[in-house]
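Asker: please work out how this folds:
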Amino acid sequence: MSEAPHRYTAAVADEIERRWQQRWDEDGTFHADNPVGELRGSAGSLEEATTAATSRSAEKMYIMDMFPYPSGAGLHVGHPLGYIATDVVARHQRMMGRNVLYTMGYDAFGLPAEQYAVQTGTHPRTTTESNIANMRRQLHRLGLSHDPRRTLATTDPEFVKWTQWIFLRIFDSWYDPTAPNADGIVGRARPISELREALRAGTVDPFALADRSGIELPTQWVGRSAADVPGASDAELTSLADAFRLTYISETPVNWCPGLGTVLANEEVTAEGRSERGNFPVFTRRLRQWNMRITAYADRLIDDLDRVDWPESIRAMQRNWIGRSHGAQITFPATGLDGGGEASFDVFTTRADTLFGATFCVLSPEHALLEDVRTLPAAWPEGTQDAWTGGAQSPRAAVTAYQARAASLGEDERTAEDREKTGVFTGLFATNPMDGRELPVFTADYVLTGYGTGAIMAVPAEDERDFEFSARFDLPVIRTVRPPVDFAGGAWTGEGEKINSASAELDLNGLDKDEAKRRATAHAEAKGFGRARTTYRLRDWLFSRQRYWGEPFPIVYDPEHPEVPIPLPDSMLPLDLPEVADFSPRTFDPMDADTEPQTPLSRATDWARVELDLGEGPRTYLRETNTMPQWAGSSWYHLRYIDPTEDEVLVRPENEKYWLGSREDGGVGGVDLYVGGVEHAVLHLLYARFWHKVLFDRGDVSSQEPFHRLFNQGYIQAFAYTDSRGVHVPAEEVVAEADGTFTYQGAPVTKEYGKMGKSLKNAVAPDDMYEEYGADTLRVYEMSMGPLDLSRPWETRAVVGSQRFLQRLWRLVVDEESGRLTLSDEPADRATQQAVHRAIDGVSRDMERMQFNTAIAKLIELVNHLTKQLTATGSTPREAVEPLVLMVAPLAPHLAEELWARLGHTGSISRVAYPVADPELLKADQVTCVIQVKGKVRHRIEVDPEISEADLEAAVMAEPRVQELLEGQTVRKLIIRAPKIVNIVV
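Answerer: Alright, predicted model coming up:
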């Protein structure tokens, strides 16, 4: 049987979709107007536009996706899930009358393009731009309603310029923890020049500030006091102020991978302590690296999580990552150094009350006290147990060997809970300042330099890790918290009264935890061996990469003072990457941990050594040859979308305030809706919040947060298949056999289930779906698969169900045989009117809640209702079809545009008002009233839902069945709950 000539098929969909996409482009249908600047709306004067756009009542909506990395493989159907959802929201909001900013960019710097360049010699820019063009084509074909004027790539020179400018802005800032800020906040970033002025005037004590902020002062200031500051030379004052910059260089513990020749971020290192790419060993080294002092914002980053509309799970992840802990810092004197010298180390504890239970101390292998092992004892102290020595002849040899071993392990591996505790005795002893006991000092890899102070007091009775260590090395256990009577042994970490916690000066026995902590901390402060302190798990952001394909730092150095970074002036931005022939860093023997990075940029000698005039005449300078990490561009791209053509300022204040400013008193502002995967919960979101807060403090933006509402979409998952070797095979080439098994090229394979992607070889290209079904069908299918925040299985065979829904919708308007309209201008019957308006009411609620799967279910129900009417009468009421097409428009926009035009309307449906339900048509015609006699249901009647109690009583008492039930009985009273229940008491 031949196909009907006017049926909605994939070919028809393709023609319709391409035609409407071209028209949208030509008409600028999705352009969003700015209050001022090049993208300002054409209507009205500049003053009128600015006033309207920045008023509290102005209707705007800023919607963003977490932008993609332009992969060479392009998109699979799992990628657009979030993009379709944001497009549905954007289209719906336009129909609600809002000015919607919605566009797409590309996170285009990064390692994959550089890897490809190393392998093929193709310049990363060539590969990246080709990948962007392909992804842009795929997204455009999906019908996303982006404003194309605002699209960007982080590699665009005009984007790089402002990334470098923000870096310099942060470099020019220091954090004043006492400065008043907005909304009662105390603490903000200030220009570094203000710190120099304050130091010269003697109004800031840099030693107290450094101690409070955990900042290490230059060596030339060690041993000096605040009284020395005002009279210092300009050079000394400058070096002192520079130590407080929010962007700084330091000798930083990093993940050094000699096999790759680069430093890796924590997220690029596997749990086994190897590189995610190449599986090379990764070592902990101290190298000269750029850092950003994100720790200065730790409190605000935690506290402001309560002011944004984010999933609680994501807020909890950020709180845990920042890891704020209130406690005490305790100083332990240490003895046993070679030559009889003394030293000390600090320990942070949240439980100062457990000092009485400390029986040994542990230093991280990287602790400063162990940097020079020659200061350790040359021989084991008397009484050292064999198990403590690691088989070495001396503490020096034992610690050296242990440090090398620890350097080869990743952080996750070192801190794994199920891993056996290891360590060696350092030969040193610490004095417990609470009661004077002598405690052996070990080094162990489960203690990390970056957390707390890199040293712990071990209380094995109340800490599981310490208990395991004490059992392994036969160390004493002293309980300071009484465990329950039925406690089986080991470490007790729960509540209980204090025991074994008294000295001649302090008695904590019998107290509860909180009171004991308070008294113990106060005692430590009074005796001078401790102080109250708050610590954080968060560490400063390592901001250097030894790579080519990243933003160059806008920094140079005087060859005579290579330790002092010199910022380039704004007029020299952007600083472009040089053209090079070799894009790879120098690699080394994978096991040679003592090697040093040699970057691709360092080999571009004509670029790295440059003559510039920075105000003192032409001079020779050395450029910074590291590049920024990929996180740089993604930390601020939400601002560039607002003003993509601006070249004079980062973003015009009027435009930023309009799109990001708070619409409520005390609000933090930010993007109205930000959609992306949960995998970015910590790093990207935390870095973007940090950058935004610095810009807020410096007056560059009015909003305090970048993203007000965050929504995490789930993933599309698909079946994957592995062969006998456990290797994934292409899913599309697997054959389902009649007996329920699966084969690939004739050999049996095993079916599994996982996230769709290249690694599992189970990706389905959207291009295939466009060709077979059309973009609208793909959109409707993905939105109907289930709740947006949950992962869902992909089933290609199920896509046809969404196509059939759209075909039924098409048939309500277009006759498949003749192509004529099937409409009737006669009024719809009441049942149809009610069905339409109940759909409008339910779909509207679902759209506001982003519950698109249930919205589609309601639309299918309405289409089915109208299809029955079409079958019975041969036509469809226009008054029913038009609101249906309007409701479908955000979900299947091309088909809706086509039907809207065929219905006789001119212009795009995109800004036609979304339908509003008539309250009168939402009411039920009749409801069932239950009649009870003596508490039991005896009868039911149908009544008007608006019936009064008096009318309901009359109707019930007039019922023959009720009269029959009441015959011979006296009615004492009626309990009436109109319109649903009447209870007759007899």
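
Asker: how about the residue nearest to the spatial centre of the chain, what does it touch?
Answerer: For the chain, the residue sitting closest to the mean C-alpha position, by CA atoms, centre = their mean, is residue 681 at 2.8 Å. Shown in contact with residue 681 (CB atoms under 8 Å, 6 or more residues apart in numbering): 313-314, 317-318, 712. Glycine gets a C-beta too; all of them are placed from N, C-alpha and C.

Asker: how about residue 308?
Answerer: Listed by CB under 8 Å, 6+ apart, the contact partners of residue 308 are 315, 668, 670, 705, 707-710.

Asker: check what pLDDT it gets.
Answerer: Listed pLDDT for residue 308 reads 97.

Asker: distance of it from residue 897?
Answerer: Distance of residue 308 to residue 897, computed by CB to CB, to the nearest Å: 36 Å.

Asker: quick revisit: give me the buried subset of the contacts of residue 681.
Answerer: The neighbour count (16 or more other CB atoms under 10 Å) marks 314, 317-318, 712 as buried among those.

Asker: identify the farthest-apart pair in those residues.
Answerer: The most widely separated members of the buried ones among the contacts of residue 681, counting by CB to CB, are 318 and 712 (13.0 Å).

Asker: residue ranges with poor pLDDT in the protein?
Answerer: Residue ranges of the chain with pLDDT under 70: 1-2, 42-58, 267, 412, 450.

Asker: closest one of the buried ones among the contacts of residue 681 to residue 296?
Answerer: Residue 296 has its nearest neighbour among the buried ones among the contacts of residue 681 in residue 318, at 16.2 Å by CB to CB.

Asker: quick one: contacts for that closest one?
Answerer: Residue 318 touches 301-302, 305, 681-682, 685-686, counting by CB under 8 Å, 6+ apart.

Asker: Serialize the contacts of residue 308 to CSV and add fields for distance to residue 127.
Answerer: Formatted as CSV, the contacts of residue 308 follow (distance: CB to CB, whole Å):
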residue, distance to residue 127
315, 37
668, 39
670, 34
705, 35
707, 30
708, 36
709, 35
710, 31
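
Asker: buried among these? Make that a ChimeraX selection.
Answerer: To isolate the buried members of the contacts of residue 308 in ChimeraX, using 16+ other CB under 10 Å:
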select :315,668,670,705,707,708,710
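
Asker: sec struct for residue 345, please.
Answerer: Taking DSSP: H, G, I helix; E, B strand; the rest coil as the rule, one finds residue 345 in the strand state.

Asker: neighbours around it, how many?
Answerer: Using other CB atoms under 10 Å, residue 345 has 21 other residues around it.

Asker: bridging residues for it?
Answerer: Under DSSP bridges, the beta-bridge partners of residue 345 are residue 332.

Asker: I figured it hits residue 431, correct?
Answerer: No - using CB atoms under 8 Å, residue 345 is not in contact with residue 431; the gap is 11.3 Å.

Asker: joint contacts of the two?
Answerer: Contact criterion CB under 8 Å, 6+ apart; residues shared by residue 345 and residue 431: 332, 334.

Asker: which residues touch the closest residue in space to residue 777 that isn't next to it in sequence?
Answerer: The shortest distance from residue 777 to any non-neighbouring residue, by CB to CB, 6 or more residues apart in numbering, is to residue 803 (4.4 Å). Contacts for residue 803 were tallied using CB under 8 Å, 6+ apart; they are 10, 773-774, 777.

Asker: for residue 81, same thing?
Answerer: 713-716, 782, 788.

Asker: TSV please, covering the residues you listed and showing neighbour count and secondary structure.
Answerer: Listed next are the contacts of residue 81 as TSV, based on neighbours: other CB atoms under 10 Å; DSSP: H, G, I helix; E, B strand; the rest coil:
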residue	neighbour count	secondary structure
713	23	coil
714	19	coil
715	19	coil
716	22	strand
782	28	helix
788	23	coil
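
Asker: quick check, nearest of those to residue 423?
Answerer: Of all these, residue 423 sits closest to residue 715, with 41.3 Å by CB to CB.

Asker: what residues are up against that closest one?
Answerer: Residues near residue 715 by CB under 8 Å, 6+ apart: 78, 81, 677, 755-756, 791-792.

Asker: what about those residues, which are in strands?
Answerer: Secondary structure defined by DSSP state E assigns 755, 792 of the contacts of residue 715 to strands.

Asker: buried ones from the contacts of residue 715, can you make that a PyMOL selection?
Answerer: Provided next is the PyMOL selection string for whichever of these are buried by 16+ other CB under 10 Å:
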select buried, resi 78+81+756+791+792
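
Asker: and the furthest pair within the contacts of residue 715?
Answerer: 677 and 792 (14.0 Å).

Asker: pull the longest helix from this structure.
Answerer: Looking across the chain with DSSP state H, the single longest helix is helix 852-873.

Asker: packing partners for that one?
Answerer: The contact analysis (3 or more CB pairs under 8 Å, 6 or more residues apart in numbering; DSSP states H and E) places helix 852-873 against helix 775-784, helix 799-811, helix 830-848, strand 876-877, helix 878-888.

Asker: now those as JSON lines including distance to residue 376?
Answerer: Shown next, in JSON lines, are the helices and strands packed on helix 852-873 (distance: least, CB to CB, whole Å):
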{"stretch": "helix 775-784", "distance to residue 376": "63"}
{"stretch": "helix 799-811", "distance to residue 376": "69"}
{"stretch": "helix 830-848", "distance to residue 376": "67"}
{"stretch": "strand 876-877", "distance to residue 376": "89"}
{"stretch": "helix 878-888", "distance to residue 376": "76"}
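
Asker: quick one: which of these is nearest residue 597?
Answerer: Nearest of those to residue 597, taken as CB to CB: helix 775-784 at 44.0 Å.

Asker: run the chain-centre distance for the closest one.
Answerer: 26 Å (CA atoms, centre = their mean, to the nearest Å).

Asker: please apply the same query to stretch 556-564.
Answerer: Put simply, stretch 556-564 sits 37 Å off its chain's centre (CA atoms, centre = their mean).

Asker: now swap in stretch 714-730 and tell me
Answerer: Centroid separation for stretch 714-730 versus its chain: 27 Å, with CA atoms, centre = their mean.

Asker: likewise stretch 919-938?
Answerer: Centroid separation for stretch 919-938 versus its chain: 50 Å, with CA atoms, centre = their mean.

Asker: in that stretch, what's buried?
Answerer: Those would be 927, 929, 931, 933, 938, for stretch 919-938 by 16+ other CB under 10 Å.

Asker: then that stretch to CSV, C-alphas only?
Answerer: C-alpha atoms of stretch 919-938 as CSV (Å, rounded to 0.1, in the frame of the first residue of the first chain):
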residue,chain,number,x,y,z
PRO,A,919,-11.3,28.6,35.2
GLU,A,920,-14.9,28.0,34.4
LEU,A,921,-14.0,25.2,32.0
LEU,A,922,-11.8,23.5,34.6
LYS,A,923,-14.7,22.8,36.8
ALA,A,924,-16.3,19.4,36.7
ASP,A,925,-19.9,19.3,35.3
GLN,A,926,-20.9,16.8,38.0
VAL,A,927,-19.3,15.3,41.1
THR,A,928,-20.3,12.3,43.1
CYS,A,929,-21.7,12.9,46.5
VAL,A,930,-21.5,10.0,48.9
ILE,A,931,-24.4,9.6,51.3
GLN,A,932,-23.8,7.9,54.6
VAL,A,933,-26.3,6.6,57.1
LYS,A,934,-25.1,5.6,60.5
GLY,A,935,-21.5,6.0,59.2
LYS,A,936,-21.9,3.6,56.3
VAL,A,937,-22.1,4.4,52.6
ARG,A,938,-25.7,3.7,51.5
